[in-house]
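[1] dropping a prediction and its sequence here:
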Amino acid sequence: MKAVYKDCFNLLCGKMLGSGIHRDVFECKLRPDLVVKVEKSDHRYFANVMEMFFWDEHHYRESVATWLAPCEYLSPDGRILLQRRAQPIADESQLPKQLPSFLADLKMSNFGMLDGRVVCVDYALNITNASTRMRKAEWR
């Protein structure tokens, strides 16, 4: 069965785009407009589950959803998440001066450009109360 899993991974995942504490991110071979976020197997933090949950809870609120890269699919056990692919931010001048309060992990690598706007691509660790009160962005 291990060969089947490897074959499925190779069918779905292309080049690695990045890696964080809890997940690796890959190009999606089947749909280039998506990325594949794969939870690292050494521990279960459920970052994909938290991100999808946050998207599902708030995607209908335009004032919240406009700041997020949309999540499209979560695997049954939460290890794989498909999310809309945003382009990396080229330089700090593209970063907004103010952000909604619910965005907490302000690293440039956690944001990208999608459909002409800045969106958060890694919001698993954000504040669960989606307050859209704007505050000064203190980028790390």
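    Thanks, I have the structure now.
[2] ok but residue 60 is inside a strand, no?
    No - counting by DSSP: H, G, I helix; E, B strand; the rest coil, residue 60 is not part of a strand but coil.
[3] how close does it sit to residue 50?
    Per Cβ to Cβ, to the nearest Å, residue 60 is found 18 Å from residue 50. (Each C-beta comes from the backbone N, C-alpha and C, glycine too.)
[4] the two: which has the busier surroundings?
    residue 50 (17 against 8; other Cβ atoms under 10 Å).
[5] check contacts around the more buried one.
    Contacts for residue 50 were tallied using Cβ atoms under 8 Å, 6 or more residues apart in numbering; they are 124, 125.
[6] and it, that's in a strand?
    No - using three-state DSSP, the assignment for residue 50 is helix, not a strand.
[7] any regions of this protein where pLDDT drops low?
    1, 127-131 (pLDDT under 70).
[8] show me the helices in it, by range?
    With DSSP state H as the criterion, the chain has helices at 2-12, 47-58, 62-65.
[9] from the chain's centroid, how far away is the second one?
    Helix 47-58 has its C-alpha centroid displaced from the chain centroid by 10 Å (Cα atoms, centre = their mean, to the nearest Å).
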